[in-house]
Every structure is written in C-alpha cells, then in structure tokens.
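Trainee: After the sequence you'll find the predicted model.
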Amino acid sequence: MDFFQVLFSLNRTYKRLVSVGIDTVCLLASFWLALMVRTDSVTAFGNQGYWLLIGLVWPISIIAFMKLGLYRAVLRYLSLQALTAILLGVLISTVSLVFISYFANLGLPRTVPVIYAAFALVLIGGSRGVIRAAVGSGMKREGEPVIIYGAGVSGRQLVTALVQSHEYYPFAFVDDDVTTHGSVIQGVHVHSPSIVRKLIKQKQATKVLLAIPSASRQRRKEILLSLEPLAVQVLTLPAMADLVSGNKLYSDIKEVEIDDLLGRDAVSPREDLLKDNITDKVVMVTGAGGSIGSELCRQILKQRPSKLVLFELSEFGLYSIEKELSATAIENGLDVEIFPMLGSVQRENRVQAVMESFQVQTVYHAAAYKHVPLVEHNVVEGVRNNVFGTMYTARAAIAAKVETFVLISTDKAVRPTNVMGTTKRMAELSLQALAKESHATRFCMVRFGNVLGSSGSVVPLFRKQIASGGPVTVTHPEITRFFMTIPEASQLVIQAGAMGKGGDVFVLDMGESVKIVDLAAKMIRLSGFEVQDSINPDGDISIEFSGLRPGEKLYEELLIGDDVTGTEHERIMTANEAYLSWDELEVILSKLDMACHEFNHEVIREILLTTPTGFNPTDGICDLVWKVKNEQQGTKVVSLVS
C-alpha cells in the first residue's frame, strides 16, 4: 500500500509517465504472449522482424491512447470514458499490427492479432482495475465509519468524494430499493434499511449520511423518524438545486435541516403572481436587512424589477444585503438597479422622499420589531416602530402614489397576549382603515407564523446549545408553534400581494403546529445524542424548562374569527376581520402618540387594551425604563418616610 501512496503523491506529469510506462510493458507483454500462445515456443524472440513490428506498433498505440484521452483520466478511477478509450486504443493498435505486418511481409500468423487484442485489453484495463481496487480497499480503512442512506447517483458520488477526504469511510449503503439489496457498488455493500441498527453496532458507526437530495420532504421526514431512535448523527447532502447549479459539492455534507423534520413540501409558486407586482417595476422593501426582508429582496431580484430600493435602519444590515444582491445580479446577468437607502420608517418625510424620488410602484413593508420579550421590555419603541412606522410608511405611499403596499404581519396579531402582537394588529387596523379612504394605493397584509432560521428562531439556539453539550432550554412543555421556511414564506407573501384588492388580510397555510419540546428532542437525537430524562438518566443532553417569557403564548393562532375563505392559491387564505374607520382610528392614534411622547406607560397600556385588537396581556407592564423609574420613586418615598 506504501507503493500506491507514493504513486498518488506524484504530480500529474509523473503520473502520466508512469501510465505510459505501464501501458508500454502491457503492449510488449501482449505481443510476445500472443506469439508464444500461437507458436507454442519462444523462438519468435529471435526474429528481428517481430521486434521491428512491435517497435512500430507501440508508438502508434501510445499516441492513440493519448488522443483518446486515456491519460487525462484519473488513474485511481475506471470510468466509462476510460474503458472506451482502452477499447478504441487497442483496436487501433491491433489494426496497425495487421497492416504493418502485411505490408512488411513478416509472415505474422493470422490469429496473433486477435490473441494480442485480448491480452492487451486484459492487461491495460486490468492494471487500472487493480490500482483502483487497491487504493479503494486502502482508503476504506481510514476515517470514521459511516453509513450512506441512498445508493443512487448521489450516493455513488458521495462515496467518491469521501474516499478522497479520508475523514469518513463508507462501509455500507442502505436503500429503499429492494432490487439493490445484496449488491456491491464501488466496493460498498447495499443493505435494507431494516438492518440499520445492526450495521451501526457492527462498526460502531456514529453517523448516517442522507444521499437523497431529490426525495420529497415527506419521504425525508419518514426516514428521519426511522433513524431518530438510533441516537446516531444524521447528516445530509445539499439540495439537488445547489448540486446542479454548482453552488455546493457532494462533499458538502451538513446537519439535517429542520424543515426536513416538518415534512411539508413547498408548493411550486405561480410565476404569474410572482411577476405581477415586480417585473419591470420599481420595488421598495423596508427592513431590507432583516431575515424576512432580505429573503424578500432575493426573491424579488429573481423577478427582474427595473429598480430595487433597499430601505434599512441598520448600516451593517443594509451594506450586507446590498453587497449580496449586487453580486447576484452580476453573476446572473440581471439588469436591475439596486439602491441602498439608510433611514427609519418613523421618519415619514424621509420615506416619502425616497418613494417619490425613485417613483416606487410596489412596497413590501417588513420593517418591524418582532421579538416578543424585547418589545415587552421596550414598549414605546415597539409602538413607535410597529404602529406609527407602518402608518407613516403607508401615508408616504399614498402621497407618492405607490400602486401596491404589502404589510408583513404575524400570527401573534391574533388575540395578542403581548405588546408586539398588539402593535402588529394595530398596524393591520391602520392599513384596513386607510384602504377605505380615497386614493390610488392598494393595501393588503399577509399574516404568518414563525419562519425557520429567522432572527430569534429557536432552531439556531437549539443547535448552539446541543453543540455545547446542553442543556437545551424550552420555555414550557406544552408550547407549540407554526413553522415555515423563509423562502416559502417570502414567495407566498409576494403571491398574496398580487391577489390583494384593497384592505385584504391574507393568512398563509402554515401546516400543522409543532410542539417545541418534541422538536428539541428530535434535534438532540439526530445530532447523535440521547435525551437525558427520568426514563434515561444516563442520556447525554437534558431538556430544561425556563418558564414562559413576558407576553409569550402557549399556542399561536392565524385567525381572529372563523370567517375565512380560500383563494386561487392553495396555501393562501383571506380572512374577513373587523376594522375601524380612519376617523375612529386617527383619534386613538393621536392619543397613543401623545402617551408615547410622554412615556406614559399606564396610558399606553390602557389604549392598547381599549382598542379592538383583542389584547389580553398575560403580564403587567414589563418596560424596563418604567420599572426602574417606579423602583426609584418607591425608594424615594421610603427615604422621605424614614
């Protein structure tokens, strides 16, 4: 094996010279063996004519192999292209042998070329097969033993990638296709998934690599559920789209995506709805640097707007998304002008100036504070940004004669128990009220639940806690949430916006709600660990309950009432929600504005409670500034009394 390691450590030029040397020996051996077999003697070695013959055939054969690309093939792999090159090269060599011997009148027995061809194929092809087998068997003993789930094209490509890395060695395939069971692919045996547990114990494997990038989400979920009890780390190949595009390699294995656990296949978007408000139009995204806003920008860019205006308060967030989108536009040849604009949605004149300057036609309003506990602790800023920021942006859109305005709302606006949800419901009320006024702007809002991977999502937090050895913290054993991927949510937002007629409240079909403690347990087990609990005290990572945070609900809802109807899109519904007229709402907002200006949290709380938002708080006022002031005032009173 040391010989092969030295061989493969050579540079490409020396490797080709070695290949030429091996083929030269094989050709000479084939010729003389063919003569010996035919004449049953060694007297032919003394025939100078035969030496001249093979001396002329040899360079012709080597040149033929070169022209056919045999020496461009990697020596350790025997591909179909290499086999074809060997067959054609040997054919050319044999034909040249026949012609030269005939015209030189050397009296070569007629059967010698046939025997020569057979020996050449066996020796030249066999030498490469021996090298491949020797190298393959040596590599398999290096690295961590893993099982590959999926013996298709992707699985075979993964084996090739792993053999080069030395980090893992694949000792078994498992595949659902019964016709492959018992077969050997690239030196790796294929087994039934039913014996995965036995295979894991056999080699003490700690990882299963999923090589099924084209499988449906539902099928991936079923496979993950079957592997989950084994407490083995499950890694997966990138999505097929990334592999085909070249963005990812087969060696880029990664942790299982949580959307695979949810098992819901995204519905293909309708191109007409995606293009309707975007293609060849001037589009503006507020909160463009956030997790949802940035994904909206990516999806919008694909639809080729004439201009894309990025409006963002965070300098770094704006810099990052503008740099990414500009690079994407250049890479894909998209003729889209991208304008990064710093600003706050709380400054109406700034928003209106931007909209009028660029003659914006479509606005996606994603700028908002969405983290429940943070808004509970910073009530005034939450109200300012979510309620008044939305109202100012909407009024600026009306003044700038924007055609379509889409608000990104949340399921937390339904019967809210926290300030954040209440402010988002008030933002909805503002748009509903403005939609009934006389102007040219069409307003609609899209309400959905949690998105995987967004800022504040539990998934990256759980990954970090698992990587550090736990414990994994969950607020409550019964808490549930709806989940959706950011790309799917963004595509549905765009499509819903195209269907709006004015004042519409669209609700996305989020599928089934997920119990967070179950999600945490699945992530622990699919990371190769066991959950530590009363049943299994020797487990690796425990789940601890920290208690509900301020304003947090056990269950989220998407509808206030039952009055919901379907739309032309199977994942988008429209809810007929109660609303206020602009005259009624304007009075409420004026009082709220004054209360925020005076930092009067008691009045703010009273307004939020009396406005028909359904606000039913689970906690008292949690604003940190208000709490500190109250504590200080209490201390002063005590000091005066004493």
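Mentor: Great, that's in hand. Numbering: from 1, shown residues only.
Trainee: Just name whatever secondary elements the helix or strand containing E488 is in contact with.
Mentor: For E488, the host element (DSSP states H and E) is helix 486-499. On a contact count with 3 or more CB pairs under 8 Å, 6 or more residues apart in numbering; DSSP states H and E, helix 486-499 meets helix 271-276, helix 291-302, strand 362-365, strand 404-410, strand 442-448, strand 450-452, strand 504-508, strand 572-575. The way it works is simple: take the backbone N, C-alpha and C, and place the C-beta from them, glycine included.
Trainee: try it again with 7 Å
Mentor: Judged by 3 or more CB pairs under 7 Å, 6 or more residues apart in numbering; DSSP states H and E, the packing partners of helix 486-499 are helix 271-276, helix 291-302, strand 404-410, strand 442-448, strand 450-452, strand 504-508, strand 572-575.
Trainee: looking at those, which has the lowest confidence?
Mentor: In terms of average pLDDT, strand 450-452 trails the rest of the helices and strands packed on helix 486-499, at a mean of 72.
Trainee: Just after that one, pick out the following helix or strand.
Mentor: Next along from strand 450-452, by DSSP H and E: helix 458-467.
Trainee: Now do that next one: distance to the chain's middle.
Mentor: The chain centre lies 17 Å from the centre of helix 458-467; the measure is CA atoms, centre = their mean, to the nearest Å.
Trainee: With stretch 34-50 instead?
Mentor: Offset of stretch 34-50 from its chain centre (CA atoms, centre = their mean): 66 Å.
Trainee: what does stretch 23-43 give?
Mentor: Centroid separation for stretch 23-43 versus its chain: 59 Å, with CA atoms, centre = their mean.
Trainee: Averaged pLDDT, the helix or strand hosting L224. What do you get?
Mentor: Using DSSP H and E, L224 sits within helix 217-227. In this model, helix 217-227 has a mean pLDDT of 82.
Trainee: Show me what it is packed up against.
Mentor: helix 258-262.
Trainee: how about the helices in the stretch 51-200 of the chain?
Mentor: In the stretch 51-200 of the chain, the segments counted as helices under DSSP state H, counting those that start in this stretch are 80-103, 112-120, 126-139, 153-165, 196-203.
Trainee: In the helix ranked longest in the chain, which of the residues would be classed as buried?
Mentor: Across the chain, the longest stretch assigned as helix under DSSP state H is helix 12-39. Buried residues in helix 12-39, defined by neighbour count with 16 or more other CB atoms under 10 Å: 15-16, 19, 22-23, 26-27, 30-35, 38.
Trainee: Also stretch 325-344?
Mentor: Within stretch 325-344, the residues that count as buried by 16+ other CB under 10 Å are 325, 328-329, 334, 336, 338, 340-341, 343-344.
Trainee: And the furthest pair within those?
Mentor: The largest separation in those, counting by CB to CB, is between L334 and S344 at 28.8 Å.
Trainee: rewinding a little: include distance to R525 when you put the buried residues of helix 12-39 into a markdown table, please.
Mentor: Shown next, in a markdown table, are the buried residues of helix 12-39 (distance: CB to CB, whole Å):
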| residue | distance to R525 |
| --- | --- |
| K15 | 45 |
| R16 | 49 |
| S19 | 49 |
| I22 | 50 |
| D23 | 53 |
| C26 | 54 |
| L27 | 58 |
| S30 | 58 |
| F31 | 63 |
| W32 | 64 |
| L33 | 60 |
| A34 | 63 |
| L35 | 67 |
| R38 | 67 |
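Trainee: May I ask which two of those are separated the most?
Mentor: K15 and R38 (34.8 Å).
Trainee: any low-confidence regions in the stretch 101-250 of the chain?
Mentor: Flagging of the stretch 101-250 of the chain using pLDDT under 70 yields the residue ranges 131-142, 164-166, 238-250.
Trainee: try 50
Mentor: Residue ranges of the stretch 101-250 of the chain with pLDDT under 50: 138-140, 240-241, 243-245, 250.
Trainee: Repeat that for the stretch 351-500 of the chain.
Mentor: Regions of the stretch 351-500 of the chain meeting the criterion pLDDT under 50 are absent.
Trainee: Can you pull the domain assignment for the chain?
Mentor: When the chain is parsed with automatic domain parsing, its domains come out as 2-137, 140-256, 271-449+483-509+556-610.
Trainee: if you compare these, which one is most tucked away?
Mentor: domain 271-449+483-509+556-610 (a mean of 20; mean count of other CB atoms under 10 Å).
Trainee: Distance to N418 for the helices of the stretch 51-200 of the chain - can I get that in JSON lines?
Mentor: Formatted as JSON lines, the helices of the stretch 51-200 of the chain follow (distance: least, CB to CB, whole Å):
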{"stretch": "helix 80-103", "distance to N418": "62"}
{"stretch": "helix 112-120", "distance to N418": "80"}
{"stretch": "helix 126-139", "distance to N418": "56"}
{"stretch": "helix 153-165", "distance to N418": "45"}
{"stretch": "helix 196-203", "distance to N418": "44"}
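Trainee: of those helices, which approaches L308 most closely?
Mentor: Among the helices of the stretch 51-200 of the chain, the nearest to L308 by CB to CB is helix 153-165 (35.3 Å).
Trainee: gap between that closest one and the chain center?
Mentor: 20 Å.
Trainee: just the CA coordinates of it, formatted as PDB?
Mentor: C-alpha atoms of helix 153-165 as PDB (Å, rounded to 0.1, in the frame of the first residue of the first chain):
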ATOM      1  CA  VAL A 153     -26.300   8.500  -8.300                       C
ATOM      2  CA  SER A 154     -25.900  10.900  -5.400                       C
ATOM      3  CA  GLY A 155     -24.800   8.100  -3.000                       C
ATOM      4  CA  ARG A 156     -22.100   6.900  -5.500                       C
ATOM      5  CA  GLN A 157     -20.900  10.500  -6.000                       C
ATOM      6  CA  LEU A 158     -20.700  10.800  -2.200                       C
ATOM      7  CA  VAL A 159     -18.600   7.700  -1.900                       C
ATOM      8  CA  THR A 160     -16.200   9.100  -4.500                       C
ATOM      9  CA  ALA A 161     -15.900  12.400  -2.500                       C
ATOM     10  CA  LEU A 162     -15.500  10.700   0.800                       C
ATOM     11  CA  VAL A 163     -12.700   8.400  -0.400                       C
ATOM     12  CA  GLN A 164     -10.700  11.500  -1.300                       C
ATOM     13  CA  SER A 165     -11.300  13.200   2.100                       C
END
